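In: Show me how the following folds:
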Amino acid sequence: MATLTCPNCAAEVKPDDLICFTCGTNLPRRSSREDTPMPTTVMQEYLRPDRRSRNISAAVLRLAFPTGNVEVPAGTSLLLGRDPAESLVAAAFSQYENVSRRHATVTMDDAGRATIRDENSTNGTFVNGDRVLPGVAVRLADGDVVRLAADVSADVLLPRQQPDPASFSRPDQE
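Out: Numbers count the residues shown, from 1 in each chain. The predicted model follows:
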């Protein structure tokens, strides 16, 4: 068997060594039949991007409450209410006793469509003055007014969705 040496300092190295223990140089890997790639796992196959997968929109829904703005990016949902253990924005509603602890959930789907759903609140959720039935998601649009109970109103600011250029089709050229 041939003696292996470090390409940097010519010291003798073993076939399994990854570095030269004399000078610290990284040793080149020898290719072998054992280095064949492992088969793809189920999770790797699931996570593999394909052309049918949809991109998440860059749109962000903004609810402009008197106590501050609440922003919900596409692909997420947010619970509105006074319970800090449940709602990330509970501080915005802490002074409003008529807002329930778990009042409503605002959702932005991956495509940037916004909805609000009443979570069986005591005093109701309203969109443009119309009461939202508990458990029913109502679509939100730019310019809508959302009201939680009697006191807390927010203007809905939702950027206009730009069409995806990939969805355009050109007539076949002959």
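
In: Any chance you could spot the residue sitting in the middle of the chain?
Out: Central residue of the chain (C-alpha atoms, centre = their mean): G75, 4.9 Å from the mean position.

In: quick one: low-confidence parts of the protein?
Out: Where the chain drops to pLDDT under 70, the residues are 1-2, 29-54, 160-174.

In: Next, the contact list for the closest residue in space to the residue nearest to the centre of the chain that isn't next to it in sequence, please.
Out: Computed as C-beta to C-beta, 6 or more residues apart in numbering, the closest residue to G75 that is not its neighbour in sequence is I56, at 4.5 Å. For every residue, glycine as well, the C-beta is placed using N, CA and C. Listed by C-beta atoms under 8 Å, 6 or more residues apart in numbering, the contact set of I56 reads 74-75, 110.

In: I56 sits in which helix or strand?
Out: For I56, there is no enclosing helix or strand under DSSP states H and E.

In: which residue packs closest to F126, ignoring adjacent ones?
Out: Nearest to F126 is R147, by C-beta to C-beta, 6+ apart, at 4.2 Å.

In: got it, and N123?
Out: N123 sits nearest to A149 (C-beta to C-beta, 6+ apart), 3.6 Å away.

In: Got the phi and psi for that neighbour?
Out: phi 60, psi -140 (degrees, to the nearest 10).

In: quick revisit: wait, isn't the residue nearest to the centre of the chain in contact with A111?
Out: No: look at G75 against A111 with C-beta atoms under 8 Å: they stay out of range, at 9.2 Å.
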